[in-house]
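Trainee: Attaching a predicted model along with its sequence, questions to come.
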Amino acid sequence: MVRFSRKKKKCVYFLGLWSMPYRKNKRTVLNRFRRALKIALQNHRFDTRSPTAFSDAFNLRANGTTVITRQTASKWLNGETIPDHGHMAVLVSWLNLDLNAIYNLNEQAGNEESLPED
């Protein structure tokens, strides 16, 4: 969930993931997520250029969470936003995403070898 502060007109994230130590590196995390998602989709033989096909496939697997629109899928594929906890859990179980690689939870500074560049 995103909330905008009226005083500072600054985006404040209430998603618990953004409060972790990499908050300053939001763009890096978004790029890592985008790359990891595209690699996982390619490994599952999905067309990464089609947000409609991705959202349809995701919605078939989204038990216990809300469905996504093709616009949301497009934002995920382009690295503009990151899913909330419920949606991330579906992606992890479906596509076997490695959250350690995305969020660099192993705390190895400068080690981004786990995800290749585009």
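Mentor: Structure received.

Trainee: which is the next helix or strand following the helix or strand of the chain with the lowest mean pLDDT?
Mentor: In the chain, no helix or strand scores lower on mean pLDDT, DSSP states H and E than strand 11-13, which sits at a mean of 42. Next in sequence after strand 11-13, counting helices and strands by DSSP states H and E, comes helix 26-43.

Trainee: Any buried residues in that next one, and which?
Mentor: Buried residues in helix 26-43, counted by 16 or more other C-beta atoms under 10 Å: 29-41. (C-beta placed from N, C-alpha, C; glycine too.)

Trainee: now the particular helix or strand that has Asp56 in it against helix 26-43, angle please.
Mentor: Assigned by DSSP H and E, Asp56 belongs to helix 51-61. Per axes from the mean of the first three to the mean of the last three C-alpha atoms, to 10 degrees, the angle that helix 51-61 makes with helix 26-43 is 80 degrees.

Trainee: Helix 51-61: which residues count as buried?
Mentor: Using 16+ other C-beta under 10 Å as the test for burial, helix 51-61 gives Pro51, Phe54, Ser55, Ala57, Phe58.

Trainee: Just give me the closest of those to Thr72.
Mentor: When these are ranked by distance to Thr72 (C-beta to C-beta), Ser55 comes first, at 6.9 Å.

Trainee: show me what contacts the nearest residue to Ile82 once chain neighbours are set aside?
Mentor: Among residues not flanking Ile82 along the chain, Phe33 sits closest, at 5.3 Å (C-beta to C-beta, 6 or more residues apart in numbering). Applying C-beta atoms under 8 Å, 6 or more residues apart in numbering, we find Phe33 in contact with Trp76, Gly79, Ile82, Ile102.

Trainee: pLDDT weak spots in this protein?
Mentor: Across the chain, the ranges flagged by pLDDT under 70 are 1-24, 105-118.

Trainee: what separates Val90 from Thr65, distance-wise?
Mentor: The gap separating Val90 from Thr65 is 6 Å, by C-beta to C-beta, to the nearest Å.

Trainee: for Asn43, same thing?
Mentor: 23 Å.

Trainee: cool, Ile102 as well?
Mentor: Using C-beta to C-beta, Ile102 is found at 19 Å from Thr65.
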